[in-house]
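> pasting the sequence and the predicted model now:
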Amino acid sequence: MAKIIAFAGSKGGTGKSSLSHLLAHGAGSLGRPIRSVVLTTDADEKPLVGTRRRYAVIDARESPERLAAELERLIRLERLLVIVDGAARRAGLDALLARVADLLIVPFGPVPQDAQRAAEALAMMPKAVALPNRWPSHAGIAKRARKWLHIVPEDRCMAPFRTVPKIDGLLDADSYLDVTYDLAQPGRNLLFEILARAGVDPDDLAFRKELEPAAA
Ligand SMILES: Nc1ncnc2c1ncn2[C@@H]1O[C@H](COP(=O)(O)OP(=O)(O)OP(=O)(O)O)[C@@H](O)[C@H]1O
Ligand SMILES: [Mg+2]
């Protein structure tokens, strides 16, 4: 069965889309790549379908029903990582994702209001974990931001993920090739953190030559 990782949460601009694509890019940038697909659900976003990437993108913006149908189809496939880029203002979506995802991730930025919203989202989604995103690495600023981490329950908070230069290039069809190399390592780091949290061994998802049909 495919593994499903979903980014969710009702707050906009927390990094759901950027992290979805970075995760998929990391999966496609491994020595033995993991096949992955990002499902776009945000009606306000360009779907990026059709650009050549190290992963596939499927436009599932039509409705939660369309998304559910896509997930039902994809989950049957072996050795596939399915990543859902959940939209902020889409009623019913979080409930659907909570039901089907192996791991549900609520990103939040380094401000107390974001942490508070993430804590509220976790209270409504028992299986979800929070991911502090765009976390400052400068010691002084990081010290101040550390107290906002305590707003969410410690056992449901992943290690902070840092600010990644050029990450916005992933969401732009024209600049993807310019950032492919620089974003491979941050993408792999994010992938390993998330798979570990989901209890998934990357080897169980990675491409295996012997499973491919023999070349004629
Ligand atoms: N780790 C990061 N490092 C640097 N910039 C980031 C990071 N994560 C997100 N950003 C930036 O934050 C902004 C918002 O990110 P993004 O669009 O991914 O959020 P979103 O949750 O998908 O928003 P929406 O709810 O509107 O769909 C973007 O400009 C993106 O480039
Ligand atoms: Mg988005």
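That came in fine, so what should we check first? Ligands and ions are numbered 1, 2, ... in the order given.

> up against ligand 2, what does the protein have?
16-17, 42 (Cβ under 5 Å from the ion). To be clear about C-beta, it is placed using only N, CA and C from the backbone, and glycine gets the same treatment.

> give me the nearest residue to residue 61, chain neighbours excluded.
residue 43 (5.1 Å; Cβ to Cβ, 6 or more residues apart in numbering).

> for residue 132, same thing?
Distances taken as Cβ to Cβ, 6+ apart place residue 160 nearest to residue 132, at 4.0 Å, with adjacent residues excluded.

> neighbour-wise, which one of the residues of the chain next to ligand 2 leads?
Within the residues of the chain next to ligand 2, residue 16 tops the neighbour count with 27 neighbours, counted by other Cβ atoms under 10 Å.

> surely that residue touches residue 107?
Yes: between residue 16 and residue 107 there is a contact under Cβ atoms under 8 Å: 6.1 Å.

> mutual contacts of those two, please.
Listed contacts common to residue 16 and residue 107 are 7, 9; contacts here mean Cβ atoms under 8 Å, 6 or more residues apart in numbering.

> min pLDDT across the residues of the chain next to ligand 2, which one?
Within the set of the residues of the chain next to ligand 2, pLDDT is lowest for residue 42 (84).

> for that one, what are its contacts?
17, 61, 85, 87-88, 90.

> what's the mean pLDDT across whichever strand or helix holds residue 94?
Assessed by DSSP states H and E, residue 94 sits inside helix 93-100. The average of the pLDDT scores along helix 93-100 is 84.
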